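1. when you get a sec, could you give me coordinates for this:
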Amino acid sequence: MRHSRIIASGSYAPDRVIKNEWFNEQLGEDVDTWLRENLTIRERRWMEEDQSTSDLCVEAGKAALEMAGLEKEDIDLLIIATDTPDFISPSTASVVQQKLGLSKATSMDTNTACAGFPTALTLANSMMVTDSVYQKVMVIGAYGMSRFLDLNDKKTVTLFADGAGAVILEPAENKEEGFLASDLRTKPEYYKHMGIYGGGAAAPAARSESQGDIQCLQFVEKFPKEINPQVWTDMIRTVAEKGDFNTDDIAGAYMTQININQIWETMDNLSLKRETAPTIMDKFGYTGSAAIPMVFDKALRSDSVSKGDILVFVGSGGGLHFGACAYRW
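-> Next up, the predicted model:
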């Protein structure tokens with residue numbers, strides 16, 4: 001049966017480097033030591049004043065097109081996964097499509113926060129299965145969270161960063177390669193725990209300006225610390241069962257880069273080597289829906305992915321949304 005396979009990737013992070021020491025001065029306390037020792041974060045990238053989320057997408061998309069050897073006109077569908085859009089309306093995808101010159105494509109956004117990339121991969125695969133018009137599909141996970149940070153809130157400002165990662169998909173008929181399975185979940189009881197609660201219909205911008213920090217990303221309540229490792233582990237087991245492979249067959253696990261200890265715990269739960277899940281948070285901080293395709297692009301360009309490898313893409317984010325996809329390279 002027709003399904004999708006990944007043929008190329010690309011990623012981009014802004015040039016502006018923000019080191020941990022900057023926050024020591026900004027916040028008046030040593031946060032560098034904790035960030036390095038607990039999360040391995042040493043620095044991150046933030047957008048310049050003249051950049052927006054769509055600009056990050058464009059650069060990642062260009063890199064993926066170059067790797068694939070494709071022209072802009074070859075792309076039939078563009079899906080942008082982001083919760084930091086350029087605008088509430090129109091879609092960031094339409095902005096990226098125009099800037100990138102994808103003249104023959106249709107485009108759309110999806111927002112499941114930091115679970116956006118595996119969600120968008122699942123959506124793209126489903127559309128390619130049901131409609132043969134989609135021969136070349138670009139999926140981009142993008143994050144411009146620096147625009148929504150309170151510079152005095154150490155719970156958020158020290159972690160979050162900007163970037164974008166892209167992949168290009170094409171149809172595959174061979175069951176020995178491409179999409180194997182996915183698993184998407186939501187735990188809506190946590191929707192009030194973390195988010196950007198100003199600017200939407202519930203708290204319009206003109207009204208919410210006087211309400212201060214609801215325009216910024218907020219951690220309102222703590223999530224149970226065990227929730228990510230538990231759900232990630234179960235989702236990986238689920239896609240393995242649905243995709244007819246064993247978890248010990250996994251050669252690469254590309255995970256949400258929010259907490260290295262949660263990634264390691266998940267690998268331990270599955271009796272996989274921790275190196276199975278590469279990380280980039282030391283240099284790029286937490287890049288949300290961009291993190292998974294960014295770490296995958298790094299692995300692909302460093303020849304760490306081989307033909308026949310089983311790969312899983314696993315993310316979670318505000319909502320609380322979770323997503324996992326499995327592909328055979």
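2. what's around Thr238, how many residues?
-> A count of neighbours around Thr238, defined by other C-beta atoms under 10 Å, yields 16. C-beta here means a position set from N, CA and C on the backbone, and glycine is covered the same way.
3. thought it was touching Cys325?
-> No. Contact between Thr238 and Cys325 fails when scored by C-beta atoms under 8 Å: they sit 11.3 Å apart.
4. which neighbours do the two have in common?
-> Ala181 (C-beta atoms under 8 Å, 6 or more residues apart in numbering).
5. separation between Met138 and Gln97?
-> Using C-beta to C-beta, to the nearest Å, one gets 9 Å for the distance from Met138 to Gln97.
6. overlap in contacts of these two?
-> Shared contacts of Met138 and Gln97, defined by C-beta under 8 Å, 6+ apart, comprise Leu78, Ala105.
7. out of the two, which sits in the busier spot?
-> Taking other C-beta under 10 Å, Met138 and Gln97 do not tie; Met138 has more neighbours (33 against 26).
8. tell me which strands the strand or helix carrying that one pairs with, and in which orientation.
-> Using DSSP states H and E, Met138 falls within strand 137-144. Here strand 137-144 has these sheet partners by DSSP bridges: strand 77-81 (parallel), strand 162-172 (antiparallel).
9. helices or strands up against the following helix or strand past it?
-> Downstream of strand 137-144, the next assigned helix or strand under DSSP H and E is helix 154-157. Helix 154-157 sits against helix 20-27, strand 218-219, with contacts defined as 3 or more C-beta pairs under 8 Å, 6 or more residues apart in numbering; DSSP states H and E.
10. weakest of these in terms of mean pLDDT?
-> When the helices and strands packed on helix 154-157 are compared by mean pLDDT, strand 218-219 comes last with a mean of 84.
11. pull the residues that contact that strand.
-> Contact with strand 218-219 is made by Asp153, Lys155, Thr156, His193, Met194, Gly195, Ile196, Tyr197, as judged by C-beta under 8 Å, 6+ apart.
12. can you tell me the closest non-neighbouring residue to the second one?
-> Taking C-beta to C-beta, 6 or more residues apart in numbering as the measure, Lys155 lies nearest to Phe219, with 5.1 Å between them; neighbours along the chain are not counted.
13. ok, what's across the strand from the one you found?
-> The partner list for Phe219 in beta bridges (DSSP bridges) reads Met194.
14. number of nearby residues for it?
-> Neighbour count of Phe219, defined by other C-beta under 10 Å: 14.
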